[in-house]
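1. here are the coordinates; sequence isn't available:
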């Protein structure tokens, strides 16, 4: 009835599920450390503005955490419903790593999050601070185990194949596989940047709408400074990650740069339209030798082309464009955050134009993270375990009609939840801010926009 490939539909459905899920851990991983910073500053200064900022943002953290848990459960079901061959063949490795994530991270987060949310006037400030540490460590441990598994799928080591099943030979090599340090650090920094732009953008929006309190400017400045520090670090880590990818997944790099034929001194293609049928990039804007210089650190370094990999190349256009979107958003983050720091350094007011830009970029971290994730996952194709197990070997044999109907249902639910999440944050940033501002005796004055104290 449906002239659509079930394999393609299964891939799209899983991509939809994981794309929706990753939005929320990306915030919670970074935001918990920022909350710890707020709580620590309050502990040592006893400045009530920082305590108010902490309790305002802990509510958004809890909302985000809840959506991350629920969407993660749905994603886990996909392994059994759409990709049963994955656990049949890789379960001896994937099962324990996912189990460690639950035992060492999720229980820790869930246990102490309750104290963070409801511990005010019930536990001492010291216990509250310890709880913040535990949740921050828990979210990072969760990322550790998940990214260890994903990195192993990208650069598999420490295993042996017995009757087509992956068995463990060296857990140390599996967990700390060749790409793990780069992928883990890259994702942690991406989470911090996503959270920094979230608190920066919401604070800027509150100032524009004049529902801000004395803590709003402090929170916005914190986001600006964090972003200004970590964006250059992310660029450096990204370069190291690219060198690692070139070593272990050269086909992915060839797709990223749309390099069709192996060549020395390969140019960097800024923009263009890759054509996999004609094996060329139309209307390409190139900088001579720059791709070789960036990836091999030599002007005439050799880069392998897509044509050399035959049937083991990923789809070129999605990888090519996703990478450029990621880099473009990252560049905007650098410009905006440094613009903000320069304004603060000159002790000037942050004017409405910059506030508006920061407000528009509230969820820019999501765009960068999703783009980077697509580069990683699409660029691994046609393998699910790189060089060892293809994605087509583990897919379930479901009718196309059923896959399409469930795909549409997932999409509708996720659109509803995403809109609800964003609107809830908007509500909390206005209505909730107004009520709590009155309770704490804060006064919203138009002078907030000029950087003066209320």
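-> All right, it came through fine. Remember, it's a predicted structure, so these values are computed and weren't measured experimentally. Numbers count the residues shown, from 1 in each chain.
2. all helices of the stretch 51-200 of the chain, in order?
-> Along the stretch 51-200 of the chain, counting by DSSP state H, counting those that start in this stretch, helices occupy 84-101, 107-118, 125-154, 171-175, 180-208.
3. And for the second one, what's in contact with it?
-> Residues external to helix 107-118 that are found in contact with it (CB atoms under 8 Å, 6 or more residues apart in numbering): 35, 58-59, 62, 65, 123, 127-128, 130-132, 134-135, 137-139, 141-142. Placement of C-beta: from N, CA and C, glycine included.
4. Contacts only, for the residue nearest to residue 397 when sequence neighbours are not counted.
-> Once flanking residues are discounted, residue 397 sits nearest to residue 6: 7.3 Å by CB to CB, 6 or more residues apart in numbering. Residue 6 makes contact with 395, 397, 398, 399, 400, 403, according to CB under 8 Å, 6+ apart.
5. mind redoing it with 6 Å?
-> Contact partners of residue 6, counting by CB atoms under 6 Å, 6 or more residues apart in numbering, are 398, 400, 403.
6. what does residue 69 give?
-> With CB under 6 Å, 6+ apart, residue 69 has no contacts at all.
7. angle of the helix or strand containing residue 323 against helix 180-208?
-> If you go by DSSP states H and E, residue 323 is part of helix 316-345. Here helix 316-345 points in a direction 50 degrees away from that of helix 180-208 (axes from the mean of the first three to the mean of the last three CA atoms, to 10 degrees).
8. How far away from the center of its chain is helix 316-345?
-> When distances are taken as CA atoms, centre = their mean, to the nearest Å, helix 316-345 is centred 14 Å away from the chain's centroid.
9. how much space between the residue nearest to residue 397 and residue 383?
-> 19 Å (CB to CB, to the nearest Å).
10. Go through the protein and flag its longest helix.
-> helix 6-45 (DSSP state H).
11. Next, the angle helix 125-154 makes with it.
-> Computed by the same axes, to 10 degrees, the angle between helix 6-45 and helix 125-154 is 150 degrees.
12. in helix 6-45, what's buried?
-> 6-7, 9-14, 16-39, 41-42 (16 or more other CB atoms under 10 Å).
13. one step back: ranking the helices of the stretch 51-200 of the chain by burial, who's on top?
-> Highest mean neighbour count of those: helix 180-208, a mean of 24 (counted as mean count of other CB atoms under 10 Å).
14. buried ones in the helix or strand that it is followed by?
-> The C-terminal neighbour of helix 180-208 among helices and strands, as given by DSSP H and E, is helix 214-248. Buried residues in helix 214-248, counted by 16+ other CB under 10 Å: 214-228, 230-231, 234, 237-238, 241-246, 248.
15. Quick check: buried residues in the helix or strand following helix 214-248?
-> As assigned by DSSP H and E, the chain's next helix or strand after helix 214-248 is helix 250-257. Neighbour counts over helix 250-257 (16+ other CB under 10 Å) mark 250, 251, 252, 253, 254, 255, 256, 257 as buried.
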